[in-house]
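J.: What shape does this take:
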Amino acid sequence: MGRSIVLGMQGGASDSSDYLPNYNTTTWSTGKHFAGYGSAVGGLNGAPFSLNNRTLFEQFFKPWRSLAAVGIRGVMPSHNAVLDVPMHLNKWAINDVLRNEFGFGSGMTVSDCNDIGSSINFGVASNMSQIVGWAMKAGLDADLQCGYSEQTASYLQWIPSAINDGFATLADLQVLAGHYLTQKFAAGLFDAPYTDPAWVDRLNTPASRTLAYEAATQGIVLLQNENKILPLSFGDKIQKVALIGPMMTCGSGRNGTANCFAREAMLGSYTLDSGYIEVDTIPEALSQRFPSLTLSTTEGASPDNYNTSGIAQAVINAQNADVAIVAVGDSLTSCGEWLDRDSLDLPGAQLQLLEALAATNTPIVLVLINGRAASFGPGNVLLTKMAAVVEAYRPGEMGAAAIVDIVSGAVNPSGKLASQWAQHVGQLGGGAQPWLARKVAKWLANGRSVPDPTDGRMYDPYISTNFSSLPLFRFGHGLSYTTFTYSSLTITGAQPVNSLPGGGVFSGRGGQGYKDAINTVFFTAHVNICNTGTVDGVEVVQVYSQDPRGMFSTPIVSYWKRLIGYGRISLSAGSCGTLDVNVVADDIALYDDMMTLRIVPGTYLITAGGRSDQDFLAQNVTVVA
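T.: Numbering: from 1, shown residues only. You can find the predicted model right below:
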């Protein structure tokens, strides 16, 4: 995904020291945050990242080597410390690994807000002169300042002192300036320093809104559909619809201020929303699609306070309707940067709202518009009382139209979860979450583990809990209004390791090694699949690997399984087809016991299916040296 974003923004693959392919129509992209930012201790923004070197390289550095290989131009380090070194001062990570090994080269690094000066708070130095010297030697090119003080304006204030005190040299400064100027030239800023005003006319065009709609419909995930209540037959069996929840309306904020939760939730944070672009609410989109419906709309409860006074009216509306569509989730004050929470339960009084609505006889279609996975109170019992659950995440400006078309059946849902959902916050980091976990042994020997009936891995239970030890929703999960049957899997193209570029060894060869890794198709998985239902649909086929046993000379623990490829196939009702999923070397390679990224000889169990625990097709692939 990261590669696609960079290639799209920058107009194709390029070298970080060259001009962009066409700076009149493209821009250079900046990736953030490098690296390990998403797994800080306690889930707290800026907290340390406790991990080992292998996990850092195999999981958290992997996107960065891939982005560097296609020529990303900018990188922003993370707030936190990784392997006990603040990332903004980390010469090994920025210069040695990212620039030299991964091939980022002359790309430009920029600090996050005041993070160079803030690094003194780690206690690694006694003065700002040394902090700035370390940042310069680490290859940190630009100091992003947010407000001015001697500490925040670290480069502006302290570069002369860092050089005079011997913590950095003029040559170090020249290197940073070289990176900075290289990217300005690459972006054409010296050739065409001013933006073409005509670009403004390209914002919010019909084509861009169509693309936004397509992105929203593909990204929405149908999590639950009891008794196949969805799609809803609006105008036929269903005439009266209760639209309930804070994400339906512009409701009351936590301090009595007006917040348009419906708009905020669709867009999410960091959108710089000026109100210029039209963003429909679900009631607006539903009335446009089905003008004859009788709609009632009420907020019911807020994600930002515990006021339950609106729940009674929501219950009345639900009782008087054929179906209730309930939109809940996260506001911009309950989910975003520096808004870390100690619970995954829906915030505010939203769970009380759902509990009250579940007590009615009206079917509840729950729509989640949020920025994180959710849980639903003790044992997640409340979830079982919902007739259907739709996860929209932050669906963007056309999100309301996409949600309406999903629940009405105009669009058959095809989205799949890109993360494994925990049962509750205490399960985070445990066996059931995250999905990419290594095998366990002692739990099995002690007879404690709960076997996943289809996935094959084992989950260790807590001794006193109302929750299952299995995941709430598994990685790759997502329902459809049709059914798909997987019939066969064949593998072609697997080559001897020595026939690959670099003999199948990718690290240790600088940036070229990683370019070879992403450009080399190691094998192709051919998956035959049929749409055995009654409506047209799209399936996201997922290909997994279970790696060879005993493949290293030291006893390194294996992963349960890894996602190594996926693709979309569109099938009309009753038809069959074959999807070819290319598995590139970068996605099957592993770091060996000497921390060298390479294709490891051995027998791989390759599986394919529509979900991580429903990959029923299997083929062994033996890779020879």
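J.: make it CA atoms for all contacts and neighbour counts henceforth
T.: Noted.
J.: Does anything pack onto the top helix by length along the chain? Which helices or strands?
T.: Secondary structure assigned by DSSP state H gives helix 170-186 as the longest helix of the chain. Packed against helix 170-186 by the contact rule (3 or more Cα pairs under 8 Å, 6 or more residues apart in numbering; DSSP states H and E) you find strand 108-109, helix 128-137.
J.: those helices in the stretch 251-400 of the chain, which residues are they?
T.: For the stretch 251-400 of the chain, applying DSSP state H, counting those that start in this stretch gives helices covering 261-267, 282-289, 311-319, 350-358, 399-408.
J.: would you turn those into CSV with mean pLDDT, distance to Asn127 and mean neighbour count?
T.: Shown next, in CSV, are the helices of the stretch 251-400 of the chain (pLDDT from 0 to 100; distance: least, Cα to Cα, whole Å; neighbours: other Cα atoms under 10 Å):
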stretch, mean pLDDT, distance to Asn127, mean neighbour count
helix 261-267, 90, 42, 26
helix 282-289, 96, 54, 18
helix 311-319, 98, 56, 21
helix 350-358, 98, 48, 22
helix 399-408, 98, 49, 24
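J.: now these as a markdown table including distance to Arg568?
T.: Below are those laid out as a markdown table (distance: least, Cα to Cα, whole Å):
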| stretch | distance to Arg568 |
| --- | --- |
| helix 261-267 | 25 |
| helix 282-289 | 27 |
| helix 311-319 | 37 |
| helix 350-358 | 34 |
| helix 399-408 | 18 |
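J.: Give me the residue at the spatial middle of the protein.
T.: Note on the chain: the residue nearest the mean C-alpha position is Ala418, at 6.6 Å, using Cα atoms, centre = their mean.
J.: how about that residue, what does it touch?
T.: Phe475, Gly476 (Cα atoms under 8 Å, 6 or more residues apart in numbering).
J.: One more: Leu89?
T.: Ile116, Ser119, Ile131, Trp134, Ala135, Met136, Lys137, Ala138, Leu140.
J.: so how far is Gly123 from the first one?
T.: Read that as Ile116. Taking Cα to Cα, to the nearest Å as the measure, Ile116 falls 13 Å from Gly123.
J.: neighbour count winner among these two?
T.: Using other Cα atoms under 10 Å as the criterion, Ile116 and Gly123 rank with Ile116 on top: 31 against 8.
J.: Leaving out chain neighbours, which residue sits closest to that one?
T.: His88 (6.1 Å; Cα to Cα, 6 or more residues apart in numbering).
J.: how far away is that neighbour from Asn45?
T.: 15 Å.
J.: same question, Asn95
T.: Distance of Asn95 to Asn45, given as Cα to Cα: 24 Å.
J.: again with Val241
T.: Here the criterion is Cα to Cα. By it, Val241 lies 41 Å from Asn45.
J.: cool, Ser29 as well?
T.: In terms of Cα to Cα, Ser29 sits 23 Å off from Asn45.
J.: Now do the same contact list for the most far-flung residue of the chain relative to its centre.
T.: Here the centre of the chain is the reference, and by Cα atoms, centre = their mean the most remote residue is Asn164, at 44.2 Å. By Cα under 8 Å, 6+ apart, no residues touch Asn164.
J.: Return the distance of it relative to Gln495.
T.: Following Cα to Cα, the distance that separates Asn164 from Gln495 is 56 Å.
J.: Likewise for Pro77?
T.: On the measure of Cα to Cα, Pro77 and Gln495 end up 37 Å apart.
J.: all strands of the stretch 251-400 of the chain, in order?
T.: For the stretch 251-400 of the chain, applying DSSP state E, counting those that start in this stretch gives strands covering 251-252, 258-259, 294-298, 323-329, 364-369, 388-391.
J.: same check, this time on the stretch 1-150 of the chain
T.: Counting by DSSP E, counting those that start in this stretch, the stretch 1-150 of the chain has strands at residues 30-34, 74-77, 81-82, 85-86, 108-109.
J.: nearest spatial neighbour of Pro461, skipping sequence neighbours?
T.: Ser469 (5.1 Å).
J.: next one: Asp340
T.: Leu44 (5.9 Å).
J.: The one you found - how many residues pack around it?
T.: Quick note: Leu44 (other Cα under 10 Å) scores 18 neighbours.
J.: Ser468 now?
T.: Applying other Cα under 10 Å, we find 17 residues neighbouring Ser468.
J.: what residues are up against Ile229?
T.: Neighbour list for Ile229: Ala387, Ala388 [criterion: Cα under 8 Å, 6+ apart].
J.: how far is stretch 116-131 from where the chain is centred?
T.: For stretch 116-131, the distance from its own C-alpha centre to the chain's C-alpha centre is 32 Å (Cα atoms, centre = their mean, to the nearest Å).
J.: Val241 and Asn45 - which one has more neighbours?
T.: Each of Val241 and Asn45 has its neighbours counted (other Cα under 10 Å); Val241 has more, 22 against 18.
J.: Quick check, pLDDT for the more buried one.
T.: On pLDDT, Val241 comes in at 98.
J.: Next: Asn204.
T.: 84.
J.: mind checking how far it is from Ser274?
T.: 13 Å.
J.: who has more neighbours, those two?
T.: Per other Cα under 10 Å, whichever of Asn204 and Ser274 has more neighbours is Asn204, with 15 against 6.
J.: And the more buried one, how far from Pro193?
T.: Using Cα to Cα, Asn204 is found at 24 Å from Pro193.
J.: for the stretch 101-250 of the chain, what are the low-confidence residue spans?
T.: 150-151 (pLDDT under 70).
J.: which residue ranges form the helices in the stretch 51-200 of the chain?
T.: 53-55, 62-69, 91, 115-118, 128-137, 154-164, 170-186.
J.: Output the fourth one in CSV, but only the C-alpha positions, please.
T.: The one in question is helix 115-118. Extracted in CSV, the C-alpha atoms of helix 115-118 (Å, rounded to 0.1, in the frame of the first residue of the first chain):
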residue,chain,number,x,y,z
ASP,A,115,11.1,16.8,18.4
ILE,A,116,14.7,17.6,18.1
GLY,A,117,14.6,19.9,21.1
SER,A,118,12.3,17.7,22.9
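J.: And that helix, what does it pack against?
T.: When contacts are defined as 3+ Cα pairs under 8 Å, 6+ apart, helix 115-118 packs onto helix 128-137.
J.: so what are the domain limits for the chain?
T.: According to automatic domain parsing, the chain comprises the domains 2-186, 205-408, 419-480, 484-623.
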